[in-house]
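Participant: pasting the sequence and the predicted coordinates here, then a few questions.
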Amino acid sequence: MQIDERWMLRRPRGFTWWGHELAQRVWLDPVEDYHGTPVARLHIETDLLTDVPDPAKAIDALVALNRAASLSSLAADAEGRVRLHASLTVTPDNLTLAGSLALHAIAIQAADAHIKAAPLAGHLGARVARSAHPSHGPRPDPDDLLDALAFYADKGAGASPYADLDFRAMALMQPRPWVLARTAGDGLDVELPFLGSRPSVLDGTGAAAPETALLQVRASHRHAQLGTGLLLRLALPVRAGAAVANQLNLAEALRPEGHQLGAWTIDQQNLACYTVVPAVAFADDLVETLIWHVAARALWARAQLFPPTPPTPSAG
């Protein structure tokens with residue numbers, strides 16, 4: 001990231017740096033064994049606000065902003081803070097792809113935090129979470145990295161590189177995490193196991209409601225800040241309010257399942273998760289990889305929303 005050492009604090013497993021007024025933290029959790037594979041979670045987090053006086057108002061505002069999420073989620077915690085957070089699951093086999101996505105998440109999050117903090121603080125009556133380097137004090141001038149969104153918008157001004165992908169072939173890939181997939185213009189509609197495996201195509205035939213989560217992959221999506229890119233919209237068959245979406249974002253920041261890129265929100269009264277990957281992040285096999293991570297994310301959300309009931313002790 002070519003971060004100026006003067007405005008950075010190195011940690012044993014990460015670092016904190018100041019692009020200007022806000023501190024961004026990047027750290028790696030301890031390595032765990034997952035069926036014989038070493039796995040670690042890389043976290044990227046920036047504080048935006050403190051002393052939020054009305055948590056419910058904040059959550060309503062954030063759920064609207066999260067419908068335009070790119071690679072990070074906005075969440076309000078019980079201590080009156082608002083943060084941006086993203087994370088990636090790192091293994092020996094995905095270092096190149098995960099590393100590239102992490103660099104994009106760091107740059108976009110740092111820039112977006114400095115754009116959103118002051119207007120959001122004014123709207124909510126909160127304080128911007130300004131801080132200073134413990135040795136060098138406040139950073140007087142912003143880092144060039146905070147102009148990153150202009151770079152992404154420029155790279156996303158043309159046609160989306162994802163639009164050239166062969167989604168018909170992708171729909172036939174093996175192995176695959178879905179119940180069924182069908183091409184849809186410039187992308188895919190994928191039905192993932194959630195409450196069960198009954199797909200939406202059976203809905204309306206007298207059968208029970210669908211049990212799957214719908215993942216819509218759109219290759220020519222245009223993001224307001226980033227331009228063209230890849231949209232992954234995961235819609236769950238669960239009606240909920242903004243507080244539930246916020247709680248999922250908070251819980252996922254603690255222990256995500258797969259890449260936690262983008263944000264949970266409410267769309268047409270249902271829980272949904274939006275992720276937009278910018279055009280410049282295009283890589284071979286990226287879409288297939290992200291579909292697998294979204295499938296894991298859907299099952300993680302099911303466990304959060306419908307935790308298993310512990311068995312009742314037998315009498316005597």
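Facilitator: That came in fine, so what should we check first? Numbers count the residues shown, from 1 in each chain.
Participant: how far is the helix or strand where residue 40 lies from where the chain is centred?
Facilitator: Taking DSSP states H and E as the definition, one finds residue 40 inside strand 37-50. In terms of C-alpha atoms, centre = their mean, to the nearest Å, the centre of strand 37-50 is set 11 Å apart from its chain centre.
Participant: which stretches of the protein form strands?
Facilitator: Using DSSP state E, the strands found in the chain span residues 8-11, 14-18, 23-28, 32-34, 37-50, 73-76, 82-90, 127-128, 180-183, 187-192, 213-223, 227-239, 263-267, 270-278.
Participant: looking at the ones you listed, which is buried most?
Facilitator: strand 73-76 (a mean of 28; mean count of other C-beta atoms under 10 Å). All C-beta spots, glycine's among them, are computed from the backbone N, C-alpha and C.
Participant: pull the residues that contact that one.
Facilitator: Contacts to strand 73-76, defined as C-beta atoms under 8 Å, 6 or more residues apart in numbering, come from residues 48, 52, 55, 58-59, 62, 65-66, 82-86, 116, 246, 249-250, 252-253, 260, 262-264.
Participant: listing partners with orientation, what would you give for it?
Facilitator: Looking at strand 73-76 with DSSP bridges, its partner strands are strand 82-90 (antiparallel).
Participant: relative to strand 263-267, how tilted is the strand it pairs with?
Facilitator: If you take axes from the mean of the first three to the mean of the last three C-alpha atoms, to 10 degrees, strand 82-90 sits at 120 degrees to strand 263-267.
Participant: any stretches of this protein with poor pLDDT?
Facilitator: 200-208, 310-316 (pLDDT under 70).
Participant: report the contact partners of the closest residue to residue 195 other than its chain neighbours.
Facilitator: Sequence neighbours aside, residue 211 is the residue nearest to residue 195 in space, at 4.1 Å (criterion: C-beta to C-beta, 6 or more residues apart in numbering). The contact partners of residue 211, by C-beta under 8 Å, 6+ apart, come to 193-198, 237.
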